[in-house]
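Enquirer: When you get a sec, could you give me coordinates for this:
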Amino acid sequence: MQRKHDFMITLEERRDQFRAASTISMPMAGLIVWSAIGVAALLVPDSVVGWMAVYAMAAILPLAFAIEKLRGHNPFAKDDNPVSTLFFHSIVGIGLMFPLVIGAANAA
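Expert: Next comes the predicted model:
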């Protein structure tokens, strides 16, 4: 079968490519971080848990990259799939919003 040109690949095919190449490292990292916050909520005051939640969210991405590395994948490998690019751009956008969240929490 002849390979389609890149401009002829549908969004659904791109999404399937993204799913085939992506791993479960982000959900695993999120599960680990939020589980740790849940356990900590039993042991520390509520105000501390709130701040832990704010700062611990920033740990999910580096932990996901570490899990990827442990699984033998390169999390920084070049990928030409626009869905992957959109995924990483959205993660950067979320990271750029952290100062706003922290500022709003301090103001409240």
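
Enquirer: For the host helix or strand of residue 91, buried residues please.
Expert: Secondary structure assigned from DSSP states H and E places residue 91 in helix 82-107. Residues of helix 82-107 classed as buried by neighbour count (16 or more other CB atoms under 10 Å): 83, 84. Glycine gets a C-beta too; all of them are placed from N, C-alpha and C.

Enquirer: What is it packed up against?
Expert: Using 3 or more CB pairs under 8 Å, 6 or more residues apart in numbering; DSSP states H and E as the contact criterion, the neighbours of helix 82-107 among helices and strands are helix 11-21, helix 46-56.

Enquirer: by how many degrees do it and helix 11-21 diverge?
Expert: Orientation of helix 82-107 against helix 11-21 (axes from the mean of the first three to the mean of the last three CA atoms, to 10 degrees) gives an angle of 70 degrees.

Enquirer: Check which helices and strands the lowest-mean-pLDDT helix or strand in the chain is in contact with.
Expert: One helix or strand of the chain scores below all others by mean pLDDT, DSSP states H and E: helix 11-21, with a mean of 77. Contacts defined by 3+ CB pairs under 8 Å, 6+ apart place helix 11-21 against helix 82-107.

Enquirer: Average pLDDT for the helix it packs on, rounded please.
Expert: Confidence over helix 82-107, taken as the mean pLDDT, stands at 81.

Enquirer: Would you check how far apart residue 88 and residue 44 are?
Expert: 33 Å (CB to CB, to the nearest Å).

Enquirer: Find the nearest non-adjacent residue to residue 17, please.
Expert: If you skip the residues right next to it in sequence, residue 17 has residue 81 as its closest partner in space, 5.4 Å away by CB to CB, 6 or more residues apart in numbering.

Enquirer: Count the residues that sit near the one you found.
Expert: 18 (other CB atoms under 10 Å).

Enquirer: Please verify my assumption that it contacts residue 18.
Expert: Yes. Using CB atoms under 8 Å, residue 81 makes contact with residue 18 at a distance of 5.5 Å.
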